[in-house]
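Asks: Provide a 3D model corresponding to the input given below.
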Amino acid sequence: MTIPAEQAEAAALLTRLTGATPIETHISAVFVGPDVALKMKKAVDLGFLDFSALAARRGFAERELALNSGPAPGLYRDVVPVTRGPDGALRLGAEGEPVEWVLRMAPLAPGDFLDAVAARDGLDAGLLDAVADAVAALHDAAPVVRIDAPAAMARVLDGNRDAALAAGLGPAAVA
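Replies: You can find the predicted model right below:
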């Protein structure tokens, strides 16, 4: 999924600032430069999440910062606006009416991601135990959230069905 047209100008600014083309997921574009990583939520509505409104993108970026700055204190920095200056040019973190919101992070070296570690046979027992311990500690510290699991799963399944149909799969293949 590409960056929505309404965010193309902001994406161009982030590309210029970092010197990097984005790494894209279905919901975000991450621009990783030598000194900073800038993450922009895509203006999409996928049914199970809706980032189509600017206020929602800001809220979700702030929520991501709040959730992750504790476990990764040196990684997650802040949420900053992309604004339009008096000259019409976009600027990052300047005064003015926000036209986009960006989560600012420290960059990670590509070789530090687990897929790269695995590719060089670096996933030894000690590292895997440390990762498992860290994940368990995060789960232990997380608050209990009560949800209606069957209703939540039904919404996910409905969203998956709708996405498959929108992608051109026929009803028989989706069933």
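Asks: Tell me both backbone torsions, phi and psi, for the residue nearest the centre of the chain.
Replies: For the chain, Ser28 is the residue whose C-alpha lies nearest the centre (Cα atoms, centre = their mean; 4.4 Å). The phi/psi pair for Ser28 (degrees, to the nearest 10) reads phi -140, psi 160.
Asks: Repeat that for Asp50.
Replies: phi -130, psi 100.
Asks: Hmm, it is touching Arg57, no?
Replies: No. Using Cβ atoms under 8 Å, Asp50 is not in contact with Arg57; the gap is 9.9 Å. Backbone N, C-alpha and C define where each C-beta goes, glycine included.
Asks: So which of these two has more stuff around it?
Replies: Arg57 (26 against 13; other Cβ atoms under 10 Å).
Asks: That one belongs to a helix, doesn't it?
Replies: Yes. Counting by DSSP: H, G, I helix; E, B strand; the rest coil, Arg57 falls inside a helix.
Asks: got the contact list for the closest residue to it other than its chain neighbours?
Replies: Spatial nearest neighbour of Arg57, excluding adjacent residues (Cβ to Cβ, 6 or more residues apart in numbering): Lys41 at 4.3 Å. Going by Cβ atoms under 8 Å, 6 or more residues apart in numbering, Lys41 touches Ile27, Ser28, Phe51, Arg57, Phe60, Ala61, Trp101.
Asks: do Thr18 as well
Replies: Per Cβ under 8 Å, 6+ apart, neighbours of Thr18: Phe31, Val32, Gly33, Val36, Ala37, Leu38.
Asks: ok, now Val117?
Replies: Gly111, Leu123, Leu127.
Asks: again, only using 6 Å
Replies: For Val117, the contact set (Cβ atoms under 6 Å, 6 or more residues apart in numbering) comprises Leu123.
Asks: avg pLDDT for the helix or strand where it lies?
Replies: For Val117, the host element (DSSP states H and E) is helix 114-119. The average pLDDT for helix 114-119 rounds to 94.
Asks: So the residue nearest to Pro98 when sequence neighbours are not counted: helix, strand or coil?
Replies: Nearest in space to Pro98, with sequence neighbours left out and distances taken as Cβ to Cβ, 6+ apart, is Pro81 at 3.6 Å. Assigned state for Pro81: strand (three-state reduction, three-state DSSP).
Asks: mind listing the strands in the protein by residue range?
Replies: For the chain, the strands defined by DSSP state E occupy 23-24, 28-32, 37-41, 76-84, 90-92, 98-105.
Asks: possible to save those strands as CSV with distance to His139?
Replies: CSV is the format used below for those (distance: least, Cβ to Cβ, whole Å):
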stretch, distance to His139
strand 23-24, 27
strand 28-32, 23
strand 37-41, 24
strand 76-84, 19
strand 90-92, 35
strand 98-105, 23
